[in-house]
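**Student:** here is my input, please return the structure:
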Amino acid sequence: MAMDTKLKLRDWAGVSDLILDLIYQKLPSLSDCLCFGAVCKPWFFFVSNNNYDALRQRTGSSSVEELPLLMIFKDRASASTANTSLYSVTRGKIVMDLEIPLGWTHRCCGSSHGWLAFQGDFSFALYNPFTREKIDLPRLELTATKVILSKNPSANPNDYEVMAMSRNWGESRLAILKPSSSYWKFVRILTGCPKCDVIYYDERYYVVDYGGKVFSIDNTTLKYTEIAPDYGYGGFIEFYLVQTTTNELLRVHILRPQYKPSRVKILKLVASPMTPESRIEQLDSLGDEALFLCQHSSMSVLASQFSGCKSNSRSEYCSVDIVHLQDDSFNSHCSFDKLIHDTHATMPPASWIIPTLKL
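**Tutor:** Model (predicted):
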């Protein structure tokens, strides 16, 4: 009985760095490190200041690859904060809860390199929920529906760009914020359809609209060129642009009759960025690639590097369905009608995010 009482009264926040380091070196993934750091503030500071040498040695590289997690935006904790949960597809469960220190006046509009983008009526900010870093950006006079970063601001604080896109009908502009700039530059693409997705690929921006047209934007002059024509199908289709781990550019088509996925088509775009002569090749298989798609963030990983991750598959946040492309079979993980999310409608139901730590 005395020993049980002693365990209950143990000051876990006061565990020595030596003991913490012995535990930390046994952690197999970055998401485990994040869960470790979420136990209490002293453990969080230990993880933040550790430099991740143990993880680097185990992965054999200078950067740590990690499987995307689904960040589920739940209700507000208060007028200034929001509660979120991180869901692991491979584990089939929520692995961590996080608090976002932004209020009702801010709307989440992007996830890129582990950072979230938030737009307010008079403000615009980037926030990393894992390192708790916040970067205030100039006000943007555009209702952003997707925001991407050219590089990770944690690793490249003076050499990253921000691209904001609107999916709204009648809004033909995109906005780019250059490093150290105090104002946004606008690119106007005149097309009959709103923009559907944008990606930073090989030092250029590529945009696809709801008709399937793909445009290449020169990163210096900000002039654009149409490099792929309309898809030519009359039904409702969502298009995504995704870069594979082998540096190929994919245009993913998802046909949604009555908003339910029924067919997926994957095309490889062999881009000729300055001319409309790009070549499009249909793919029957993704090989070892696994795609993670949503309106705010899309990415591809090598499935063989992660236990439980299925190759030649696509994951969407709508209901966390895993689609196996060879036979079009579906495996459902969870559905958002069973989850509580933001009742103020300033957050998306969920978004893919890659766990990051400041190296």
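
**Student:** test my guess that residue 354 contacts residue 299.
**Tutor:** Yes. Between residue 354 and residue 299 there is a contact under C-beta atoms under 8 Å: 6.9 Å. Any C-beta I mention is one placed from the backbone N, CA and C, and that applies to glycine too.

**Student:** what touches both of the two?
**Tutor:** Residues touching both residue 354 and residue 299 comprise residue 68, with contact defined as C-beta atoms under 8 Å, 6 or more residues apart in numbering.

**Student:** ok, and the closest non-adjacent residue to residue 268?
**Tutor:** residue 281 (4.7 Å; C-beta to C-beta, 6 or more residues apart in numbering).

**Student:** okay, now the unreliable bits of the stretch 1-150 of the chain?
**Tutor:** Applying pLDDT under 70 to the stretch 1-150 of the chain picks out residues 1-10, 28-31, 34, 38, 48-65, 75-79, 103-104.

**Student:** 80 instead, please
**Tutor:** Low-confidence segments of the stretch 1-150 of the chain (pLDDT under 80): 1-12, 24-41, 44-66, 74-80, 90-91, 102-105.

**Student:** now do the helices in it.
**Tutor:** With helices called from DSSP state H, counting those that start in this stretch, the stretch 1-150 of the chain shows them at 2-8, 17-24, 30-37, 41-48, 53-59.

**Student:** spit out the contact partners of residue 179.
**Tutor:** 158-161.

**Student:** residue 218 touches residue 227, doesn't it?
**Tutor:** No. Taking contacts as C-beta under 8 Å, residue 218 lies outside contact range of residue 227: 11.9 Å.

**Student:** which one of those two has more residues nearby?
**Tutor:** It is residue 227, of residue 218 and residue 227, that has more neighbours when counted by other C-beta atoms under 10 Å, with 21 against 15.

**Student:** was I right to think the more buried one contacts residue 212?
**Tutor:** No. With contacts counted by C-beta under 8 Å, residue 227 stays clear of residue 212, the gap being 11.9 Å.

**Student:** for ChimeraX, write a command that selects the buried ones of the contacts of residue 179.
**Tutor:** In ChimeraX, a selection of the buried entries from the contacts of residue 179 looks like this (16 or more other C-beta atoms under 10 Å):
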select :160,161
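
**Student:** what's the closest of the contacts of residue 179 to residue 84?
**Tutor:** residue 160 (23.5 Å; C-beta to C-beta).

**Student:** which SSE is that closest one in?
**Tutor:** Following DSSP states H and E, there is no helix or strand that holds residue 160.

**Student:** quick check: it touching residue 154?
**Tutor:** No. Contact criterion C-beta under 8 Å: residue 160 and residue 154 do not qualify, at 9.5 Å.

**Student:** am I right that residue 240 falls within a helix?
**Tutor:** No. Going by DSSP: H, G, I helix; E, B strand; the rest coil, the assignment for residue 240 is strand, not a helix.

**Student:** neighbours of the residue found closest to it once you drop the neighbours it is linked to in the chain, just the number please.
**Tutor:** Nearest residue to residue 240, sequence neighbours excluded (C-beta to C-beta, 6+ apart): residue 252, at 4.2 Å. The number of residues packed near residue 252 is 22, by other C-beta under 10 Å.

**Student:** quick check: mean pLDDT of the helix or strand harbouring residue 252?
**Tutor:** For residue 252, the host element (DSSP H and E) is strand 249-255. Averaging pLDDT along strand 249-255 gives 87.
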